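Asks: here is a sequence with its predicted model. Questions after.
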Amino acid sequence: MLDDTSQSLLERAKGNQQGAMCELLELIRPYVIIKAKSFGATQQADQEEIAQEVCRKVWVNLAEFRYQGKYSFRGWVSRITRNHASSFFSKRTKQTKLEQVANALGRNLSHVLTSPELELMDLEELHEVLWEYVKPSLNESHARIYDLMWRDKLTPTEAAERTGESSQFAANVRKRVYSKIRNLAWEKFGIQLLEI
């Protein structure tokens, strides 16, 4: 039982004594699965994935753990489990929301969605998808101006020269359209884009 994890077992595992780490990880695995369930992992595969990663983190970070009494190790493992479960479900939610964007637009974003780390996804591709989603709601001149600034990377002044509008008008269009894109990303899909 995890409450009874002895200080000596922890010290042996820290000291890389043969078999001690395996014994410790076998001891915590059932507890981690129970905690993963309590943090929302209803699928056995998710529980196993979380347990595997938590055991890896315990193994890697055990040297930093300081024993402070009977329940300190359990609390430490519980925090690692909670943090990893939160990250695990956050990434899954982000991926699901990106899939919703792609499905809504009939676009294939598999190269973005299969990225090992969603934080490293191609934000230009995401912006492109959201831009295509917002574009039909704009009048023709606004769409043209923003398109020039987005696709051709023109400044508001350059876009204004090509369309016969003022630089201030083009800058305002960029601000309003990008605001729509940011709002769509946040309200519909829970993704926060930086301001420009």
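Replies: Right, received. Where do you want to start? Numbers count the residues shown, from 1 in each chain.
Asks: so where do the helices sit in the protein?
Replies: Assigned by DSSP state H, the chain shows helices spanning 7-14, 20-38, 44-61, 72-105, 110-113, 123-134, 140-151, 156-163, 167-189.
Asks: dump those helices into CSV; add mean neighbour count as well.
Replies: In this view, the C-beta of every residue, glycine as well, is placed from N, C-alpha and C. Formatted as CSV, these follow (neighbours: other Cβ atoms under 10 Å):
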stretch, mean neighbour count
helix 7-14, 16
helix 20-38, 18
helix 44-61, 16
helix 72-105, 16
helix 110-113, 14
helix 123-134, 17
helix 140-151, 18
helix 156-163, 17
helix 167-189, 17
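Asks: what's the least confident stretch among the ones you listed?
Replies: Lowest mean pLDDT of the helices of the chain: helix 110-113, a mean of 44.
Asks: tell me the residue furthest from the middle of this structure?
Replies: Gly164 (42.0 Å; Cα atoms, centre = their mean).
Asks: got a pLDDT number for that residue?
Replies: pLDDT for Gly164: 92.
Asks: report the central residue of the protein.
Replies: Note on the chain: the residue nearest the mean C-alpha position is Lys91, at 3.8 Å, using Cα atoms, centre = their mean.
Asks: distance of it from Ser167?
Replies: 41 Å (Cβ to Cβ, to the nearest Å).
Asks: cool, and Thr157?
Replies: Thr157 is 4 Å from Ser167, by Cβ to Cβ.
Asks: one more: Cys55?
Replies: 59 Å.
Asks: tell me how many other residues crowd Ser6.
Replies: 11 (other Cβ atoms under 10 Å).
Asks: Arg66 now?
Replies: Neighbours of Arg66 using other Cβ under 10 Å come to 8.
Asks: ok, now which ones touch it?
Replies: Ser72 (Cβ atoms under 8 Å, 6 or more residues apart in numbering).
Asks: for the nearest residue to Trp76 once chain neighbours are set aside, list the residues it contacts.
Replies: Using Cβ to Cβ, 6 or more residues apart in numbering and skipping residues adjacent in sequence, the residue nearest Trp76 is Phe65, 5.7 Å away. Residues in contact with Phe65, defined by Cβ under 8 Å, 6+ apart, are Leu10, Lys14, Phe73, Trp76.
Asks: for these, give me TSV that also has distance to Ile33.
Replies: Below are the contacts of Phe65 laid out as TSV (distance: Cβ to Cβ, whole Å):
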residue	distance to Ile33
Leu10	20
Lys14	24
Phe73	17
Trp76	17
